[in-house]
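1. With the input below, show me the fold.
(one chain, ligands or ions: 4)
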Amino acid sequence: MKCRKCGHTAVINMREHKLALCEEHFLEWIPERVQRTIHKYQMFGPDDKILVAVSGGKDSLGLWDVLLRLGYQAEGLYIKLGIEEGAYSDESLGYVERFAAEREGAHFQVVDVKATYGMSVPEIARAKHRGRKVCSVCGLIKRHVMNRVAYEGEYACIATGHNLDDEVAVLMQNTLRWQMGYLARQAPVLPAIHPKLARKVKPLVHLYERETAAYALVRGIDYIYDECPYAVGATTLFYKDLLNQLEAHSPGSKLSFYLSFLRARKQGLSFGDQGRPELHDCTRCGQPTTAPDMCAFCRLWEDVER
Ligand code: AMP
Ligand code: FES
Ligand code: ZN
Ligand code: ZN
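-> Ligands and ions are numbered 1, 2, ... in the order given. I've put the predicted structure just below:
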């Protein structure tokens, strides 16, 4: 297989785009595609300070690498969840540290959940009455920490490494159940609905997981290969498998499913008027919440401490 641009040996054949590229041209193509996505959805500009949420995985480290290559002011945030199974948290932090050490200007901060709040994510999940699932506690904690750090550090937005496969798996899950509220909120950009709630952007939404993995490989980015031990068997992974079968049969179908969903919404497809939720300051931490007194994060802690 030859590179479409120069005729040298291709390192990747992207059937979804009918495009094969050599190493050099693939390493050019990825940042160009990400830049087009940033521009298309007006995610941020060259003067904005961006907080990149990095997990140590290929997507978020690849995203950070691309943003730095494009000249953005992109600083990292690693949230140490305290997952000890398979030394998952220590190992993933190690990848972030090595990535930053190898690049000039790659600064990042770590928020250690246990050191900051007193318990790790699995400990909270175990302590919580009615035994809440680790992943849902984890999501809640990550959202809270990201918002707090972005607000305190005056970042223009938080960028996460969600790729096309992630978004399409969630879209399919939500569509199968016609989850109106979730469908209404699924987007490449979530605007800040309150000064204390950061704008969230996903600059990799047009990249297939296979493309982000190839990018990390070709760029020599070392990343944590294993899934989080609590995510193993998650339904999203099942949908990803299903969608891969569809994609193998009909290349490009994931991208067109996602883009046609966004287009339909732009053309007026509506999931009911959700309206703007009324927000109050949480009585315990001060972050905005739709609940009348405490936010979900603080209610979780109150429950655990009781
Ligand atoms: P996941 O929910 O694990 O698929 O992760 C989605 C995105 O959330 C990643 O691409 C990262 O941008 C961000 N993220 C996940 N885990 C962490 C973490 N421990 N610290 C900071 N950001 C994270
Ligand atoms: Fe949050 Fe696995 S990363 S539970
Ligand atoms: Zn080439
Ligand atoms: Zn609170």
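2. Quick one: name the residues of the stretch 51-200 of the chain near ligand 3.
-> Within the stretch 51-200 of the chain, no position is near ligand 3 by C-beta under 5 Å from the ion. (Each C-beta comes from the backbone N, C-alpha and C, glycine too.)
3. which residues touch the residue of the stretch 51-200 of the chain found nearest ligand 4?
-> When distances are taken as C-beta to the ion, the stretch 51-200 of the chain reaches nearest to ligand 4 at His144, 7.4 Å away. His144 is in contact with 285, 287, 295, 297, counting by C-beta atoms under 8 Å, 6 or more residues apart in numbering.
4. Go through stretch 1-16 and flag the buried ones.
-> 3-5, 10-12, 14, 16 (16 or more other C-beta atoms under 10 Å).
5. Repeat that for stretch 195-204.
-> Buried residues in stretch 195-204, counted by 16+ other C-beta under 10 Å: 196-204.
6. ok, now stretch 282-292?
-> Along stretch 282-292, these residues count as buried under the neighbour rule (16+ other C-beta under 10 Å): 282, 287-289.
7. which residues in the stretch 1-150 of the chain form strands?
-> Assigned strands in the stretch 1-150 of the chain, in chain order: 12-14, 19-21, 49-53, 73-80, 108-112 (criterion: DSSP state E, counting those that start in this stretch).
8. Kindly report the same for the stretch 151-300 of the chain.
-> According to DSSP E, counting those that start in this stretch, the stretch 151-300 of the chain carries its strands in the segments 157-159, 189-190, 199-201, 280-281, 288-289.
9. packing partners for the third one?
-> Read it as strand 199-201. Secondary-structure packing of strand 199-201 (3 or more C-beta pairs under 8 Å, 6 or more residues apart in numbering; DSSP states H and E): strand 157-159, strand 189-190.
10. Adjacent strands (with direction) for the last one?
-> Strands flanking strand 189-190 in the sheet, each with its direction: strand 199-201 (antiparallel) (DSSP bridges).
11. Is ligand 1 within reach of the strand it pairs with?
-> No: looking at strand 199-201 against ligand 1 by C-beta under 6 Å from any ligand atom, there are no contacts, and the closest approach is 9.9 Å.
12. from the chain's centre, how far out does that strand sit?
-> On the basis of C-alpha atoms, centre = their mean, to the nearest Å, strand 199-201 sits 10 Å off its chain's mean C-alpha point.
13. How about the residues of the stretch 201-306 of the chain by ligand 2?
-> Contacts of the stretch 201-306 of the chain with ligand 2, taken as C-beta under 6 Å from any ligand atom, map to 228, 230-231.
14. ok so, going back, please render the buried residues of stretch 282-292 as a markdown table that adds pLDDT and distance to Glu209 to the earlier fields.
-> What follows is the buried residues of stretch 282-292, written out as a markdown table (pLDDT from 0 to 100; distance: C-beta to C-beta, whole Å):
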| residue | pLDDT | distance to Glu209 |
| --- | --- | --- |
| Cys282 | 96 | 36 |
| Gln287 | 94 | 32 |
| Pro288 | 93 | 33 |
| Thr289 | 94 | 33 |
